[in-house]
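S.K.: Build me a model from this:
(one chain, ligands or ions: 1)
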Amino acid sequence: MALREKVYWDSRTAFVLAAIGSAIGLGNIWRFPFICYKYGGGAFLVAYLVALFVAGIPLLILEFALGQRIGGSAPVALGKVNKNFAWVGWLAILVGFIITTYYAVIMSWSANYLVHSLTLAWGDDPRTFFYQKVLRLSDGIFHIGSVSLPLILGLLVCWVWIILSIWKGARTVSKVVYVTVTLPWAILIILVIGGLTLPGAGEGVKYYLTPNWRQLLSPELWQAAFTQVFFSLSVGFGVMIAYASFLPPNSDVVNNAFIIGLADASTAFVGGFAVFSALGYYAQLQGVPVEDVMKSGPELAFVTYPAIINHLPLAPLVGVLFFVMLLTLAIDSAFSLVEAVVAGFMETFGVPRTKTNIILGALAFVIGIFYTTQAGLYWLDVVDHYMTFFGLFAVAFLESLAVGWFYDTEALRRKINEYSLVDIGGWWNVTVKFVVPLAAFVLLVISVISVIKAPYGEYPRTAELIGGWIPLALALVAGILLGKATARTLSQG
Ligand code: PFF
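M.R.: Numbering: from 1, shown residues only. Next comes the predicted model:
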């Protein structure tokens, strides 16, 4: 018999903050600004907003409706839609679990850098420091080398923090998010204001936003916009379904979805000012054009930003603020992914929460140790690509297919509207039946074609197999088996 904790969020604000906390993460602060710049600045914003309203928010409403109106974590809610779809929920949360195993490692890098900030330990050469001292990066993905003790220690601290944050599920998260959502926002605002007052900042911002309208005709821009919207809203990993399942029955999911979607988009937009103003300043300092100092991914946070911090007044303090911001941005995304898995296991197998928290946390920690080896960054890169570009789109496609085509969408819409301040119209049925599955399917096909043409990141094919296809296949097989267990639990009532 499944165990259904009767735990609700402390308040509506707690839920909204938790969902925003999950959505706002590293994706907003450095992925968004660079993608925006790359695909035509202001023009990308238009495509992004279109993707947000035609697919992102409708999918968010769908996930909220699955969790709250249909009721349950991802496997249970999808199993209630149709018991043959419970496995899709498991696929979502298992892929999410794989993501947390390396997400926590990026948190460990940040925790280590928080300590390094105190003494500006990266010195005049932050690049050598990052790759050779912190990561001790080897020269190839199969040169694994040894593990790093400081990174393991940081990982352990982060895992204890993650597990404590979800200790009693929504009840604990309700309290934690008041700090982990507002604090990074406050720091971000300080960094934006500080950044905009630096000499050269205007040049950086100009790069970020100058619209190149012609790019609106390019299919890649639209692909990038939909990808960014899906990833940024934390849909496709069962997180928003689990979070909505802790909402009381009379909650307004439509309003919540709009608030969360818009908060996420505006954070991304504002984050761009912090990043690009600092890059503009750094470019001026070096006497080079802004595009020469632009770096995305780990380089930005762990190489470029430290280099910029060296030149700022109160440098150690800015460093501490920056890495506290990264850690607090990441923690609520990380624990939301774990909570989705915990909820799935509890509801299917009736296992107690504390035990599930500890076992899953310990397992993820042990797997994470692998990413602290000297080839860790390479593996992280491969696994991340496969999980986000295949797992996310596959789940978004299957989820919308399940509800759009195997469930009475119109009845669900009416159920949602019973408690919503502003009713959603028939357009929502169209988005769930056609727009979301089509967009997700096209994105999935594009991802598959691109890795067939050339391996991602030019890694060897065997590395793709080990880091990409095998974990996906394992998640799929385990998902199907666990889906059967959920279907059995559901049929026992
Ligand atoms: N939305 C997060 C970001 O933009 O960084 C990443 C993420 C967190 C994706 C949690 C998915 C998820 F379930």
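
S.K.: what number of residues lie near residue 245?
M.R.: By other Cβ atoms under 10 Å, the residues close to residue 245 number 27. For glycine as for every other residue, the C-beta is placed from the backbone atoms N, C-alpha and C.

S.K.: give me every residue that touches the closest residue to residue 302 other than its chain neighbours.
M.R.: Among residues not flanking residue 302 along the chain, residue 130 sits closest, at 4.6 Å (Cβ to Cβ, 6 or more residues apart in numbering). Shown in contact with residue 130 (Cβ atoms under 8 Å, 6 or more residues apart in numbering): 122, 298, 302, 303, 306.

S.K.: for residue 76, same thing?
M.R.: For residue 76, the contact set (Cβ under 8 Å, 6+ apart) comprises 2, 86, 89, 344, 347, 348, 486, 489, 490.

S.K.: what do you get if the cut-off is 10 Å, keeping everything else the same?
M.R.: By Cβ atoms under 10 Å, 6 or more residues apart in numbering, the residues touching residue 76 are 2, 4, 66-67, 70, 86, 89, 241-242, 245, 343-344, 346-348, 486-487, 489-490.

S.K.: do the same with residue 467
M.R.: Residue 467 makes contact with 141, 378-387, 456, 459, according to Cβ under 10 Å, 6+ apart.

S.K.: What confidence value was assigned to the most centrally placed residue in the chain?
M.R.: Nearest to the mean C-alpha position of the chain, by Cα atoms, centre = their mean, lies residue 234 at 5.2 Å. Residue 234 is assigned 96 on the pLDDT scale.

S.K.: And it, how close does it get to residue 335?
M.R.: From residue 234 over to residue 335 the distance is 12 Å, taken as Cβ to Cβ, to the nearest Å.

S.K.: Over to residue 198?
M.R.: Taking Cβ to Cβ as the measure, residue 198 falls 34 Å from residue 335.

S.K.: More neighbours: the two, which one.
M.R.: residue 335 (29 against 19).

S.K.: Hmm, residue 21 and that one touching each other?
M.R.: Yes - judged on Cβ atoms under 10 Å, residue 335 makes contact with residue 21 at a distance of 8.6 Å.

S.K.: Name the residues contacting each of those two.
M.R.: 173, 176, 177, 180.

S.K.: Just checking the distance from the host helix or strand of residue 13 to the centre of its chain.
M.R.: In the assignment (DSSP states H and E), residue 13 maps to helix 12-23. Distance of helix 12-23 from the chain centroid (Cα atoms, centre = their mean, to the nearest Å) equals 14 Å.

S.K.: now swap in stretch 292-305 and tell me
M.R.: 19 Å.

S.K.: next one: stretch 463-473
M.R.: On Cα atoms, centre = their mean, the centre of stretch 463-473 falls 20 Å from the chain's centre.

S.K.: what about dumping the CA coordinates of it to CSV?
M.R.: Output of stretch 463-473 as CSV, limited to C-alpha atoms (Å, rounded to 0.1, in the frame of the first residue of the first chain):
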residue,chain,number,x,y,z
ALA,A,463,32.4,7.9,-24.3
GLU,A,464,29.1,8.9,-25.7
LEU,A,465,27.9,5.3,-25.3
ILE,A,466,29.0,5.1,-21.6
GLY,A,467,28.1,8.6,-20.6
GLY,A,468,25.0,9.1,-22.7
TRP,A,469,23.2,6.2,-24.3
ILE,A,470,23.8,3.6,-21.5
PRO,A,471,22.5,5.9,-18.6
LEU,A,472,19.5,6.8,-20.8
ALA,A,473,18.8,3.2,-21.6
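
S.K.: Give me the mean pLDDT for that stretch.
M.R.: For stretch 463-473, the mean per-residue pLDDT is 97.

S.K.: again, but for stretch 280-296
M.R.: For stretch 280-296, mean pLDDT rounds to 89.

S.K.: quick one: buried residues of it?
M.R.: By neighbour count on 16 or more other Cβ atoms under 10 Å, the buried set for stretch 280-296 is 280, 281, 282, 283, 284, 285, 290, 293, 294, 295, 296.

S.K.: Quote the end-to-end distance of that stretch.
M.R.: 15 Å (Cα to Cα, to the nearest Å).

S.K.: Same check on stretch 231-239?
M.R.: Across stretch 231-239, the terminal residues are separated by 12 Å (Cα to Cα).

S.K.: I would like the residues contacting the one helix or strand residue 51 maps to, please.
M.R.: Under the criterion of DSSP H and E, residue 51 resides in helix 42-51. Contacts to helix 42-51, defined as Cβ under 10 Å, 6+ apart, come from residues 32, 35-40, 56-57, 208-218, 221-230, 232, 262, 265, 268-269, 272, 435, 439.

S.K.: Go again with 8 Å.
M.R.: Under the criterion Cβ under 8 Å, 6+ apart, residues 35-39, 209-216, 221-222, 224-226, 228-229, 265, 269, 439 lie in contact with helix 42-51.

S.K.: Go through that helix and flag the buried ones.
M.R.: By neighbour count with 16+ other Cβ under 10 Å, helix 42-51 contains the buried residues 43, 44, 45, 46, 47, 48, 50, 51.

S.K.: closest to the ligand among these?
M.R.: Among these, residue 48 lies closest to the ligand (Cβ to the nearest ligand atom), at 13.0 Å.

S.K.: Please point out which parts of stretch 139-150 sit buried.
M.R.: Going by 16+ other Cβ under 10 Å, stretch 139-150 has these buried residues: 141, 148, 150.
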